[in-house]
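[1] give me a 3D structure for the following:
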Amino acid sequence: MKLTIKRVYHAKGTNGDLFADDRFICHTIELPWKENMHQVSCIPEGNYELRKRKTERFGEHFILMYVPGRTGILLHAANDAMKEIKGCIAPVETLTGEGKGNNSRRSLTRLVRFVYPELEKKEKVYLEIRSK
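    Below you'll find the model as predicted:
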C-alpha cells in the first residue's frame, strides 16, 4: 500500500492532504520546513516505510522508518504543530490555520483502521511526502 502526503509550506507550519492512491483520507499538519533541524522542522520530502506502533501516550499510531538525519518520527494525533509536535506528522479532519487543525484523534483512528489491516497481513506500507 502506498500513501501520499501532498504538502504546502507556510511560515508557521506545513499543511498537507493525505491520500491512499487517489482517495482522500484526511489533512495533515507539521512544523514548518527549517532544513530538517531536529525538533523544529518537518522532515524532508521522500518515501518512508510506515510501521505500526502503540504507546500509552499516543495509543495506536505509526512510526516512519529511515528518515534521513532523524529518528522517532511518528504519525500521531495533534491539533497544533507548534505546540504538540517535535518533527512528527499529525492527521487532522479540518485545517484551521498554518500547522493547525482539529479532530486529530478521530482522523488518526480512521487512518489506523484503514492501514493496520495491511500491516497485520505483513504487507509493507509506504508514505510518500511531496509538494503539491
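[2] next up, the contacts around G46.
    67-68, 128-129 (CB atoms under 8 Å, 6 or more residues apart in numbering). Placement of C-beta: from N, CA and C, glycine included.
[3] centre-most residue in this structure?
    Among the residues of the chain, the one closest to the centroid is I89, at 3.1 Å (CA atoms, centre = their mean).
[4] ranges for the strands of this protein?
    Using DSSP state E, the strands assigned to the chain run over residues 2-10, 13-20, 23-30, 46-55, 59-65, 74-75, 90-92, 94-97, 100-102, 125-131.
[5] quick one: mean pLDDT over stretch 50-61.
    Across stretch 50-61, pLDDT averages out at 95.
[6] mind listing what's buried in it?
    By 16 or more other CB atoms under 10 Å, the buried positions in stretch 50-61 come out as 50, 58, 60-61.
[7] reformat those residues as CSV; add distance to E35.
    Formatted as CSV, the buried residues of stretch 50-61 follow (distance: CB to CB, whole Å):
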residue, distance to E35
L50, 24
F58, 26
E60, 31
H61, 26
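[8] so which of those residues comes closest to E84?
    Taking CB to CB as the measure, F58 is the one of the buried residues of stretch 50-61 closest to E84, at 10.8 Å.
[9] and the closest one, how far from T96?
    Here F58 is placed at a distance of 21 Å from T96 (CB to CB, to the nearest Å).
[10] please apply the same query to R113.
    Distance from R113 to T96, by CB to CB: 24 Å.
[11] what about stretch 1-16, start to end distance?
    19 Å (CA to CA, to the nearest Å).
[12] average model confidence for that stretch?
    98.
[13] buried ones in that stretch?
    1, 3-5, 7, 13-16.
[14] over to stretch 119-132?
    Residues of stretch 119-132 classed as buried: 119, 125, 127, 129 (neighbour count, 16+ other CB under 10 Å).
[15] can I get it as PDB, trimmed to CA atoms?
    Taking Å, rounded to 0.1, in the frame of the first residue of the first chain, the C-alpha atoms of stretch 119-132 are listed here in PDB:
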ATOM      1  CA  LEU A 119       0.300  -4.200   8.200                       C
ATOM      2  CA  GLU A 120      -1.200  -7.200  10.000                       C
ATOM      3  CA  LYS A 121      -1.200  -9.100   6.700                       C
ATOM      4  CA  LYS A 122       2.600  -8.400   6.700                       C
ATOM      5  CA  GLU A 123       2.200  -6.000   3.700                       C
ATOM      6  CA  LYS A 124       4.500  -3.100   3.600                       C
ATOM      7  CA  VAL A 125       3.000   0.400   3.700                       C
ATOM      8  CA  TYR A 126       4.900   3.400   2.300                       C
ATOM      9  CA  LEU A 127       4.300   7.100   2.800                       C
ATOM     10  CA  GLU A 128       5.500   9.400   0.000                       C
ATOM     11  CA  ILE A 129       5.800  13.000   1.100                       C
ATOM     12  CA  ARG A 130       6.000  15.700  -1.700                       C
ATOM     13  CA  SER A 131       5.000  19.200  -2.500                       C
ATOM     14  CA  LYS A 132       1.600  20.000  -4.000                       C
END
